[in-house]
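[1] Any chance you could fold what I've pasted below:
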Amino acid sequence: MGSKPVLRESLPARVLDAIGDFAFRTPARFAILVFAILVAIFTLLFSTPIATSTGEPAEFVDALFTAVSVICVTGLSTVDMATYWSPIGHVFVFVGVEIGGIGVLTLASILGLIISRRLGLRQKLLAAGDANPMRFRKGPISENQGVRLSETGSLLATVAGSVLVIEGVVAALLFPRMLLEGVDPWNAAWQSIYTSAMAFTNTGFLPTSEGLAPYAQDVWFLIVLMLAVTFGAIGFPVIYVLRKHLLRPRRWSLHVKLTLVTFGLLLLGGAIAYFLLEFDNPRTMADMDAGQRILQSFFISSMSRSGGFATLDMGELDGSSLLVSDMLMFIGGGSASTAGGIKVTTLAILFIAAFAEARGSESMEAYDRRIPSDVLRLAVSVVLWGATTVAGASIALMLIDNEPLDYVLFDVISAFATCGLTTGFTQSAGDASQYVLAATMFLGRLGTVTLAAALAASTRRQLFRRPEERPIVG
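    Numbering: from 1, shown residues only. The predicted structure is shown next:
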(Lines give C-alpha, C1' and ligand atoms only; values in the text may rest on other atoms or scores of the structure.)
Protein backbone atom coordinates (compact mmCIF):
# COMPACT_ATOMS: atom_id res chain seq x y z
CA MET A 1 0.00 0.00 0.00
CA GLY A 2 1.31 3.47 -0.79
CA SER A 3 1.86 6.06 1.86
CA LYS A 4 -1.09 8.31 2.68
CA PRO A 5 -0.77 11.63 0.83
CA VAL A 6 -0.16 14.69 2.99
CA LEU A 7 -2.89 17.28 2.55
CA ARG A 8 -1.38 20.67 1.85
CA GLU A 9 -2.66 23.46 3.98
CA SER A 10 -4.89 25.91 2.13
CA LEU A 11 -3.66 29.41 1.31
CA PRO A 12 -6.16 31.19 3.64
CA ALA A 13 -5.08 28.93 6.51
CA ARG A 14 -1.42 29.68 5.85
CA VAL A 15 -2.15 33.41 5.73
CA LEU A 16 -4.02 33.24 9.05
CA ASP A 17 -1.17 31.27 10.62
CA ALA A 18 1.35 33.83 9.40
CA ILE A 19 -0.73 36.68 10.82
CA GLY A 20 -1.06 34.82 14.12
CA ASP A 21 2.69 34.23 14.31
CA PHE A 22 3.43 37.89 13.58
CA ALA A 23 0.91 39.05 16.19
CA PHE A 24 2.34 36.68 18.80
CA ARG A 25 5.99 37.56 18.14
CA THR A 26 5.57 41.35 17.90
CA PRO A 27 2.16 42.32 19.31
CA ALA A 28 3.06 46.00 19.53
CA ARG A 29 3.93 46.21 15.84
CA PHE A 30 0.82 44.18 15.05
CA ALA A 31 -1.32 46.67 16.99
CA ILE A 32 0.20 49.59 15.07
CA LEU A 33 -0.37 47.80 11.76
CA VAL A 34 -4.01 47.04 12.60
CA PHE A 35 -4.63 50.66 13.65
CA ALA A 36 -3.09 51.88 10.39
CA ILE A 37 -5.24 49.47 8.36
CA LEU A 38 -8.37 50.60 10.20
CA VAL A 39 -7.51 54.25 9.51
CA ALA A 40 -7.06 53.41 5.82
CA ILE A 41 -10.38 51.54 5.68
CA PHE A 42 -12.34 54.33 7.35
CA THR A 43 -10.61 56.95 5.21
CA LEU A 44 -11.99 55.12 2.17
CA LEU A 45 -15.43 54.89 3.78
CA PHE A 46 -15.53 58.60 4.56
CA SER A 47 -14.34 59.36 1.02
CA THR A 48 -17.41 57.75 -0.55
CA PRO A 49 -20.30 59.98 -1.71
CA ILE A 50 -22.81 58.19 0.54
CA ALA A 51 -20.87 59.33 3.62
CA THR A 52 -21.45 63.06 3.07
CA SER A 53 -24.69 64.99 3.31
CA THR A 54 -24.09 66.66 -0.07
CA GLY A 55 -23.48 63.40 -1.94
CA GLU A 56 -20.06 64.65 -3.05
CA PRO A 57 -16.85 62.79 -2.08
CA ALA A 58 -15.13 64.35 0.90
CA GLU A 59 -11.76 66.02 0.54
CA PHE A 60 -8.96 63.58 1.30
CA VAL A 61 -7.64 65.60 4.25
CA ASP A 62 -11.13 65.71 5.80
CA ALA A 63 -11.71 61.98 5.27
CA LEU A 64 -8.29 61.06 6.66
CA PHE A 65 -8.51 63.41 9.63
CA THR A 66 -11.99 62.17 10.52
CA ALA A 67 -10.89 58.54 10.20
CA VAL A 68 -7.92 59.09 12.53
CA SER A 69 -10.05 61.07 14.99
CA VAL A 70 -12.72 58.34 15.01
CA ILE A 71 -10.40 55.34 15.35
CA CYS A 72 -8.28 57.17 17.94
CA VAL A 73 -11.49 58.34 19.75
CA THR A 74 -10.18 61.90 19.80
CA GLY A 75 -13.10 64.13 18.86
CA LEU A 76 -11.23 66.79 16.88
CA SER A 77 -12.60 67.54 13.43
CA THR A 78 -11.90 69.64 10.37
CA VAL A 79 -15.59 69.86 9.40
CA ASP A 80 -18.93 70.35 11.15
CA MET A 81 -19.50 66.73 12.15
CA ALA A 82 -23.25 67.12 12.60
CA THR A 83 -24.02 68.60 9.18
CA TYR A 84 -21.16 67.45 6.94
CA TRP A 85 -21.75 63.70 7.23
CA SER A 86 -24.88 61.86 6.10
CA PRO A 87 -26.76 59.34 8.30
CA ILE A 88 -24.55 56.62 6.76
CA GLY A 89 -21.50 58.72 7.62
CA HIS A 90 -22.65 58.99 11.23
CA VAL A 91 -23.05 55.21 11.33
CA PHE A 92 -19.41 54.96 10.20
CA VAL A 93 -18.46 57.35 13.02
CA PHE A 94 -20.42 55.36 15.59
CA VAL A 95 -18.90 52.01 14.57
CA GLY A 96 -15.41 53.50 14.39
CA VAL A 97 -15.43 54.98 17.88
CA GLU A 98 -16.72 51.73 19.36
CA ILE A 99 -13.85 49.83 17.73
CA GLY A 100 -11.29 52.44 18.74
CA GLY A 101 -12.64 52.84 22.28
CA ILE A 102 -12.63 49.16 23.14
CA GLY A 103 -9.24 48.56 21.54
CA VAL A 104 -8.41 46.58 18.43
CA LEU A 105 -6.73 43.62 20.11
CA THR A 106 -9.32 43.52 22.89
CA LEU A 107 -12.18 43.53 20.38
CA ALA A 108 -10.56 40.74 18.37
CA SER A 109 -10.12 38.69 21.55
CA ILE A 110 -13.76 39.26 22.56
CA LEU A 111 -14.95 38.06 19.14
CA GLY A 112 -12.69 35.03 19.42
CA LEU A 113 -14.05 34.28 22.87
CA ILE A 114 -17.63 34.51 21.61
CA ILE A 115 -16.95 32.24 18.64
CA SER A 116 -14.76 29.57 20.24
CA ARG A 117 -15.93 29.91 23.87
CA ARG A 118 -12.30 29.75 25.00
CA LEU A 119 -9.04 31.68 24.78
CA GLY A 120 -5.72 30.13 23.81
CA LEU A 121 -2.42 31.34 25.23
CA ARG A 122 -1.76 33.57 22.23
CA GLN A 123 -5.14 35.28 22.49
CA LYS A 124 -4.65 35.78 26.24
CA LEU A 125 -1.25 37.37 25.72
CA LEU A 126 -2.58 39.70 23.01
CA ALA A 127 -5.56 40.77 25.11
CA ALA A 128 -3.38 41.16 28.21
CA GLY A 129 -0.99 43.33 26.21
CA ASP A 130 -3.86 45.59 25.16
CA ALA A 131 -4.87 45.94 28.83
CA ASN A 132 -1.30 46.36 30.06
CA PRO A 133 1.21 47.65 27.46
CA MET A 134 4.10 46.52 29.69
CA ARG A 135 3.34 42.98 28.51
CA PHE A 136 4.33 44.02 25.00
CA ARG A 137 7.91 43.96 26.20
CA LYS A 138 9.56 40.61 25.85
CA GLY A 139 11.23 38.94 28.77
CA PRO A 140 9.99 37.74 32.15
CA ILE A 141 6.81 39.46 33.36
CA SER A 142 5.76 39.43 37.00
CA GLU A 143 2.21 38.30 37.63
CA ASN A 144 1.78 41.00 40.28
CA GLN A 145 -0.18 42.99 37.74
CA GLY A 146 -3.42 44.95 37.94
CA VAL A 147 -5.05 42.03 36.11
CA ARG A 148 -3.30 38.66 35.95
CA LEU A 149 -2.99 36.63 32.76
CA SER A 150 -5.32 33.98 34.15
CA GLU A 151 -8.03 36.65 34.55
CA THR A 152 -7.91 37.78 30.92
CA GLY A 153 -11.11 35.97 29.95
CA SER A 154 -13.05 37.57 32.81
CA LEU A 155 -11.60 40.97 31.93
CA LEU A 156 -12.79 40.62 28.33
CA ALA A 157 -16.26 39.70 29.54
CA THR A 158 -16.18 42.81 31.75
CA VAL A 159 -15.14 44.99 28.79
CA ALA A 160 -17.99 43.72 26.62
CA GLY A 161 -20.51 43.89 29.44
CA SER A 162 -19.51 47.36 30.63
CA VAL A 163 -19.73 48.80 27.11
CA LEU A 164 -23.25 47.45 26.62
CA VAL A 165 -24.53 48.16 30.13
CA ILE A 166 -23.01 51.60 30.71
CA GLU A 167 -23.82 52.94 27.25
CA GLY A 168 -27.33 51.50 27.53
CA VAL A 169 -27.95 53.07 30.95
CA VAL A 170 -26.55 56.44 29.86
CA ALA A 171 -28.73 56.42 26.74
CA ALA A 172 -31.79 55.59 28.87
CA LEU A 173 -31.00 58.50 31.20
CA LEU A 174 -30.51 60.98 28.35
CA PHE A 175 -33.54 59.90 26.31
CA PRO A 176 -36.33 61.44 28.47
CA ARG A 177 -34.41 64.71 28.84
CA MET A 178 -34.23 64.99 25.06
CA LEU A 179 -37.96 64.34 24.81
CA LEU A 180 -38.56 67.19 27.25
CA GLU A 181 -36.43 69.40 25.00
CA GLY A 182 -38.93 68.73 22.17
CA VAL A 183 -36.92 66.19 20.18
CA ASP A 184 -39.17 63.63 18.48
CA PRO A 185 -38.91 60.05 19.90
CA TRP A 186 -37.06 58.56 16.92
CA ASN A 187 -34.39 61.26 16.84
CA ALA A 188 -34.20 61.32 20.64
CA ALA A 189 -33.49 57.57 20.64
CA TRP A 190 -30.74 57.90 18.03
CA GLN A 191 -29.21 60.98 19.64
CA SER A 192 -29.19 59.44 23.12
CA ILE A 193 -27.50 56.23 21.86
CA TYR A 194 -25.00 58.22 19.80
CA THR A 195 -24.18 60.63 22.64
CA SER A 196 -23.80 57.83 25.21
CA ALA A 197 -21.28 56.08 22.95
CA MET A 198 -19.35 59.31 22.43
CA ALA A 199 -19.31 59.92 26.20
CA PHE A 200 -18.20 56.44 27.29
CA THR A 201 -15.53 56.27 24.58
CA ASN A 202 -14.36 59.78 25.57
CA THR A 203 -14.75 60.99 21.98
CA GLY A 204 -16.97 64.05 22.28
CA PHE A 205 -18.73 64.12 18.91
CA LEU A 206 -22.37 65.23 18.94
CA PRO A 207 -25.09 64.42 16.36
CA THR A 208 -26.65 67.90 16.19
CA SER A 209 -25.27 71.22 14.98
CA GLU A 210 -26.30 73.04 18.17
CA GLY A 211 -24.17 70.64 20.22
CA LEU A 212 -24.68 70.95 23.97
CA ALA A 213 -26.25 74.42 23.74
CA PRO A 214 -29.79 73.25 24.70
CA TYR A 215 -28.36 71.46 27.76
CA ALA A 216 -25.46 73.80 28.59
CA GLN A 217 -26.78 74.51 32.10
CA ASP A 218 -28.86 71.37 32.62
CA VAL A 219 -27.71 69.67 35.83
CA TRP A 220 -29.12 66.23 34.95
CA PHE A 221 -27.72 66.10 31.42
CA LEU A 222 -24.23 67.32 32.34
CA ILE A 223 -23.87 65.04 35.38
CA VAL A 224 -24.89 62.00 33.30
CA LEU A 225 -22.26 62.92 30.70
CA MET A 226 -19.61 63.37 33.40
CA LEU A 227 -20.37 59.95 34.89
CA ALA A 228 -20.24 58.27 31.46
CA VAL A 229 -16.92 59.93 30.63
CA THR A 230 -15.50 58.97 34.04
CA PHE A 231 -16.47 55.31 33.68
CA GLY A 232 -14.75 55.22 30.31
CA ALA A 233 -11.67 57.08 31.55
CA ILE A 234 -10.85 55.09 34.70
CA GLY A 235 -10.02 52.00 32.66
CA PHE A 236 -11.42 48.51 32.17
CA PRO A 237 -9.05 46.87 34.72
CA VAL A 238 -10.44 49.23 37.38
CA ILE A 239 -14.04 48.46 36.38
CA TYR A 240 -13.20 44.74 36.51
CA VAL A 241 -11.84 44.95 40.07
CA LEU A 242 -14.67 47.20 41.28
CA ARG A 243 -17.21 44.78 39.85
CA LYS A 244 -15.71 41.99 41.94
CA HIS A 245 -14.75 43.86 45.11
CA LEU A 246 -16.68 47.14 45.15
CA LEU A 247 -17.37 47.07 48.91
CA ARG A 248 -14.04 45.47 49.86
CA PRO A 249 -11.35 48.13 49.30
CA ARG A 250 -8.71 45.92 50.92
CA ARG A 251 -9.01 43.60 47.91
CA TRP A 252 -8.32 46.41 45.48
CA SER A 253 -4.98 46.21 43.68
CA LEU A 254 -2.39 48.97 43.90
CA HIS A 255 -3.22 49.98 40.33
CA VAL A 256 -6.88 50.52 41.24
CA LYS A 257 -6.05 52.56 44.34
CA LEU A 258 -3.55 54.78 42.55
CA THR A 259 -5.93 55.30 39.63
CA LEU A 260 -8.96 56.25 41.72
CA VAL A 261 -7.08 58.49 44.19
CA THR A 262 -5.10 60.34 41.53
CA PHE A 263 -8.14 60.61 39.25
CA GLY A 264 -10.25 62.08 42.07
CA LEU A 265 -7.58 64.56 43.16
CA LEU A 266 -7.10 65.82 39.61
CA LEU A 267 -10.85 66.16 39.08
CA LEU A 268 -11.26 68.17 42.29
CA GLY A 269 -8.09 70.21 41.78
CA GLY A 270 -9.05 71.06 38.22
CA ALA A 271 -12.56 72.14 39.25
CA ILE A 272 -11.17 74.43 41.97
CA ALA A 273 -8.69 75.95 39.51
CA TYR A 274 -11.38 76.66 36.87
CA PHE A 275 -13.74 78.08 39.53
CA LEU A 276 -11.12 80.55 40.73
CA LEU A 277 -9.59 81.45 37.36
CA GLU A 278 -12.88 81.90 35.47
CA PHE A 279 -14.91 83.42 38.30
CA ASP A 280 -14.77 86.98 36.90
CA ASN A 281 -14.29 86.14 33.22
CA PRO A 282 -17.17 87.94 31.43
CA ARG A 283 -16.82 85.58 28.45
CA THR A 284 -17.41 82.43 30.50
CA MET A 285 -18.66 82.33 34.11
CA ALA A 286 -18.97 85.93 35.31
CA ASP A 287 -22.77 86.03 34.81
CA MET A 288 -23.46 82.60 36.38
CA ASP A 289 -24.70 81.93 39.89
CA ALA A 290 -22.62 79.94 42.37
CA GLY A 291 -24.30 76.62 41.58
CA GLN A 292 -23.69 76.94 37.85
CA ARG A 293 -20.09 78.02 38.41
CA ILE A 294 -19.46 74.86 40.45
CA LEU A 295 -21.22 72.65 37.90
CA GLN A 296 -19.36 74.16 34.94
CA SER A 297 -16.02 73.96 36.77
CA PHE A 298 -16.44 70.25 37.44
CA PHE A 299 -17.69 69.69 33.89
CA ILE A 300 -14.65 71.36 32.29
CA SER A 301 -12.32 69.54 34.68
CA SER A 302 -13.91 66.21 33.76
CA MET A 303 -13.91 66.85 30.01
CA SER A 304 -10.34 68.16 29.99
CA ARG A 305 -9.16 64.72 31.04
CA SER A 306 -10.26 63.25 27.70
CA GLY A 307 -14.04 63.67 27.40
CA GLY A 308 -14.05 66.32 24.70
CA PHE A 309 -17.53 67.81 25.36
CA ALA A 310 -17.71 71.56 25.96
CA THR A 311 -20.41 73.89 27.20
CA LEU A 312 -18.14 76.95 26.99
CA ASP A 313 -16.05 78.24 24.11
CA MET A 314 -12.57 77.00 25.03
CA GLY A 315 -11.04 79.83 23.01
CA GLU A 316 -12.65 82.31 25.43
CA LEU A 317 -10.99 80.84 28.53
CA ASP A 318 -8.36 82.86 30.35
CA GLY A 319 -4.78 82.02 29.41
CA SER A 320 -4.16 80.54 32.86
CA SER A 321 -7.19 78.27 32.44
CA LEU A 322 -5.87 77.12 29.06
CA LEU A 323 -2.62 76.15 30.79
CA VAL A 324 -4.53 74.19 33.43
CA SER A 325 -6.39 72.44 30.61
CA ASP A 326 -3.09 71.64 28.91
CA MET A 327 -1.84 69.91 32.04
CA LEU A 328 -5.05 67.96 32.63
CA MET A 329 -5.27 66.83 29.01
CA PHE A 330 -1.62 65.76 28.95
CA ILE A 331 -2.19 63.58 32.03
CA GLY A 332 -5.42 62.09 30.69
CA GLY A 333 -7.23 59.14 32.26
CA GLY A 334 -6.53 55.64 33.48
CA SER A 335 -4.51 52.91 31.80
CA ALA A 336 -6.36 50.54 29.44
CA SER A 337 -9.22 53.03 29.20
CA THR A 338 -10.95 54.95 26.43
CA ALA A 339 -9.04 58.06 27.57
CA GLY A 340 -5.67 59.24 26.33
CA GLY A 341 -2.72 61.10 27.81
CA ILE A 342 0.26 59.76 29.73
CA LYS A 343 -2.22 58.23 32.26
CA VAL A 344 -2.84 59.05 35.91
CA THR A 345 -0.80 56.14 37.25
CA THR A 346 2.25 57.47 35.39
CA LEU A 347 1.88 60.76 37.26
CA ALA A 348 1.34 58.93 40.55
CA ILE A 349 4.53 56.88 40.08
CA LEU A 350 6.57 60.03 39.44
CA PHE A 351 5.27 61.69 42.60
CA ILE A 352 5.83 58.54 44.66
CA ALA A 353 9.43 58.43 43.38
CA ALA A 354 9.93 62.13 44.22
CA PHE A 355 8.60 61.62 47.76
CA ALA A 356 10.78 58.54 48.23
CA GLU A 357 13.83 60.52 47.16
CA ALA A 358 12.91 63.41 49.47
CA ARG A 359 12.62 61.01 52.42
CA GLY A 360 15.86 59.28 51.51
CA SER A 361 14.05 55.96 50.99
CA GLU A 362 15.74 53.36 48.81
CA SER A 363 12.46 51.99 47.47
CA MET A 364 9.15 53.38 46.24
CA GLU A 365 6.21 52.30 48.37
CA ALA A 366 2.47 52.97 48.37
CA TYR A 367 -0.36 51.29 50.26
CA ASP A 368 2.04 48.78 51.84
CA ARG A 369 3.34 47.71 48.45
CA ARG A 370 6.82 48.17 46.93
CA ILE A 371 6.99 49.43 43.36
CA PRO A 372 9.93 48.07 41.30
CA SER A 373 12.35 50.46 39.61
CA ASP A 374 11.49 49.33 36.08
CA VAL A 375 8.01 50.85 36.52
CA LEU A 376 9.64 54.21 37.29
CA ARG A 377 11.88 53.96 34.23
CA LEU A 378 8.84 53.24 32.10
CA ALA A 379 6.93 56.19 33.61
CA VAL A 380 9.82 58.56 32.87
CA SER A 381 10.02 57.21 29.31
CA VAL A 382 6.29 57.75 28.77
CA VAL A 383 6.49 61.38 29.92
CA LEU A 384 9.57 62.12 27.82
CA TRP A 385 8.10 60.49 24.70
CA GLY A 386 4.84 62.39 25.21
CA ALA A 387 6.55 65.73 25.82
CA THR A 388 8.77 65.22 22.77
CA THR A 389 5.76 64.43 20.57
CA VAL A 390 3.88 67.52 21.80
CA ALA A 391 6.92 69.78 21.44
CA GLY A 392 7.72 68.52 17.94
CA ALA A 393 4.15 68.92 16.71
CA SER A 394 3.84 72.40 18.27
CA ILE A 395 7.07 73.60 16.66
CA ALA A 396 5.96 72.24 13.28
CA LEU A 397 2.59 73.99 13.52
CA MET A 398 4.16 77.27 14.63
CA LEU A 399 6.33 77.14 11.52
CA ILE A 400 3.33 76.38 9.29
CA ASP A 401 0.68 78.66 10.80
CA ASN A 402 1.10 82.06 12.37
CA GLU A 403 -1.19 81.44 15.34
CA PRO A 404 -0.78 82.18 19.08
CA LEU A 405 1.24 79.57 20.97
CA ASP A 406 -1.40 79.00 23.64
CA TYR A 407 -4.02 78.04 21.01
CA VAL A 408 -1.60 75.86 19.04
CA LEU A 409 -0.30 74.10 22.16
CA PHE A 410 -3.85 73.52 23.42
CA ASP A 411 -4.97 71.75 20.25
CA VAL A 412 -1.72 69.78 19.94
CA ILE A 413 -2.05 68.43 23.48
CA SER A 414 -5.74 67.76 22.83
CA ALA A 415 -4.74 65.73 19.76
CA PHE A 416 -1.96 63.85 21.56
CA ALA A 417 -4.16 63.10 24.56
CA THR A 418 -7.11 62.18 22.27
CA CYS A 419 -9.23 64.69 24.18
CA GLY A 420 -11.06 66.56 21.43
CA LEU A 421 -11.37 69.99 23.01
CA THR A 422 -10.33 72.81 20.70
CA THR A 423 -9.84 76.56 20.68
CA GLY A 424 -10.95 76.60 17.04
CA PHE A 425 -7.43 76.26 15.65
CA THR A 426 -7.88 72.74 14.23
CA GLN A 427 -10.82 73.55 11.97
CA SER A 428 -9.32 76.82 10.73
CA ALA A 429 -5.81 75.42 10.14
CA GLY A 430 -4.46 74.60 6.70
CA ASP A 431 -4.12 71.13 5.22
CA ALA A 432 -0.47 70.75 6.25
CA SER A 433 -1.30 71.56 9.89
CA GLN A 434 -4.21 69.13 9.87
CA TYR A 435 -1.92 66.35 8.65
CA VAL A 436 0.44 67.11 11.54
CA LEU A 437 -2.44 66.99 14.01
CA ALA A 438 -3.66 63.70 12.51
CA ALA A 439 -0.21 62.18 13.02
CA THR A 440 -0.19 63.50 16.60
CA MET A 441 -3.55 61.85 17.29
CA PHE A 442 -2.28 58.56 15.88
CA LEU A 443 0.87 58.62 18.02
CA GLY A 444 -1.09 59.64 21.10
CA ARG A 445 -3.64 56.85 20.80
CA LEU A 446 -1.06 54.17 20.15
CA GLY A 447 0.61 55.11 23.38
CA THR A 448 4.25 55.79 23.99
CA VAL A 449 4.77 52.41 25.67
CA THR A 450 3.35 50.49 22.69
CA LEU A 451 5.34 52.59 20.24
CA ALA A 452 8.58 52.13 22.17
CA ALA A 453 7.97 48.39 22.45
CA ALA A 454 7.31 48.20 18.72
CA LEU A 455 10.58 49.95 17.95
CA ALA A 456 12.58 47.89 20.41
CA ALA A 457 10.86 44.57 19.58
CA SER A 458 12.76 42.83 22.35
CA THR A 459 14.64 43.43 25.57
CA ARG A 460 18.41 43.53 25.21
CA ARG A 461 20.41 41.42 27.60
CA GLN A 462 23.85 42.69 28.51
CA LEU A 463 26.26 40.17 30.03
CA PHE A 464 28.59 42.75 31.56
CA ARG A 465 28.41 45.89 33.70
CA ARG A 466 30.33 49.06 32.96
CA PRO A 467 32.12 51.15 35.63
CA GLU A 468 29.78 53.37 37.63
CA GLU A 469 30.01 57.16 37.60
CA ARG A 470 27.52 59.71 38.97
CA PRO A 471 26.83 62.87 36.92
CA ILE A 472 25.61 65.99 38.72
CA VAL A 473 21.80 66.23 38.72
CA GLY A 474 19.82 69.25 39.89
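
[2] going forward, measure contacts and count neighbours with C-alpha atoms only.
    Noted.

[3] ok, Glu181 - how many residues close by?
    11 (other Cα atoms under 10 Å).

[4] whoops, I mixed them up, Val219
    13.

[5] The residue lying closest to it once chain neighbours are set aside: which element?
    Closest residue to Val219 apart from its sequence neighbours, by Cα to Cα, 6 or more residues apart in numbering: Leu295 at 7.4 Å. For Leu295, the element it lies in under DSSP states H and E is helix 290-302.

[6] other SSEs contacting that helix?
    helix 219-234, helix 254-277 (3 or more Cα pairs under 8 Å, 6 or more residues apart in numbering; DSSP states H and E).

[7] Including distance to Val79 and mean pLDDT, could the ones you listed go into a markdown table?
    Putting the helices and strands packed on helix 290-302 into a markdown table (distance: least, Cα to Cα, whole Å; pLDDT from 0 to 100) gives the following:
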| stretch | distance to Val79 | mean pLDDT |
| --- | --- | --- |
| helix 219-234 | 23 | 95 |
| helix 254-277 | 29 | 95 |
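
[8] so which of those comes closest to Asn402?
    Of all those, it is helix 254-277 that lies closest to Asn402, at 27.2 Å by Cα to Cα.

[9] quick one: buried residues of that closest one?
    For helix 254-277, the neighbour count (16 or more other Cα atoms under 10 Å) marks 254-260, 262-263, 266-267, 269-271, 273-275, 277 as buried.

[10] Who are the packing partners of that helix?
    Judged by 3+ Cα pairs under 8 Å, 6+ apart, helix 254-277 is in contact with helix 219-234, helix 236-245, helix 290-302, helix 319-331, helix 344-359.

[11] end-to-end on stretch 366-377?
    17 Å (Cα to Cα, to the nearest Å).

[12] didn't Arg293 look like it was pressed against Phe275?
    Yes: using Cα atoms under 8 Å, Arg293 makes contact with Phe275 at a distance of 6.5 Å.

[13] who touches stretch 205-217?
    Defining contact as Cα atoms under 8 Å, 6 or more residues apart in numbering, one finds that stretch 205-217 is touched by 75, 80-83, 90, 181, 191, 194-195, 198, 221-222, 292, 296, 308-311.

[14] related to what we said a few turns ago, if we look at the helix holding Leu295, which residues are touching it?
    Contact partners of helix 290-302, identified using Cα under 8 Å, 6+ apart, comprise 217, 219, 222-223, 226, 229-230, 267-268, 270-272, 274-275, 279, 285, 310-311, 325, 328.

[15] Low-confidence stretches in the chain?
    Where the chain drops to pLDDT under 70, the residues are 1-28, 103-155, 448-462.

[16] If we use 50, what do you get?
    1-2, 4, 6-8, 110-127, 136, 138-143, 149, 458 (pLDDT under 50).

[17] Could you pull out the strands in it for me?
    Shown for the chain, the strands assigned by DSSP state E span residues 364-366, 369-371.

[18] Switch those strands over to JSON lines; also include mean neighbour count.
    Formatted as JSON lines, these follow (neighbours: other Cα atoms under 10 Å):
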{"stretch": "strand 364-366", "mean neighbour count": "16"}
{"stretch": "strand 369-371", "mean neighbour count": "12"}
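
[19] can I get the ones you listed in TSV with distance to Ser428?
    Compiled in TSV, the strands of the chain are given as follows (distance: least, Cα to Cα, whole Å):
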stretch	distance to Ser428
strand 364-366	46
strand 369-371	46
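
[20] nearest to Arg250, of these?
    Short answer: strand 369-371, nearest of the strands of the chain by Cα to Cα, at 12.4 Å.

[21] Give the partner strands of that closest one in its sheet and their orientations.
    strand 364-366 (antiparallel) (DSSP bridges).

[22] who touches the partner strand?
    Against strand 364-366 from outside (Cα under 8 Å, 6+ apart): 254, 352-353, 356, 370-373.
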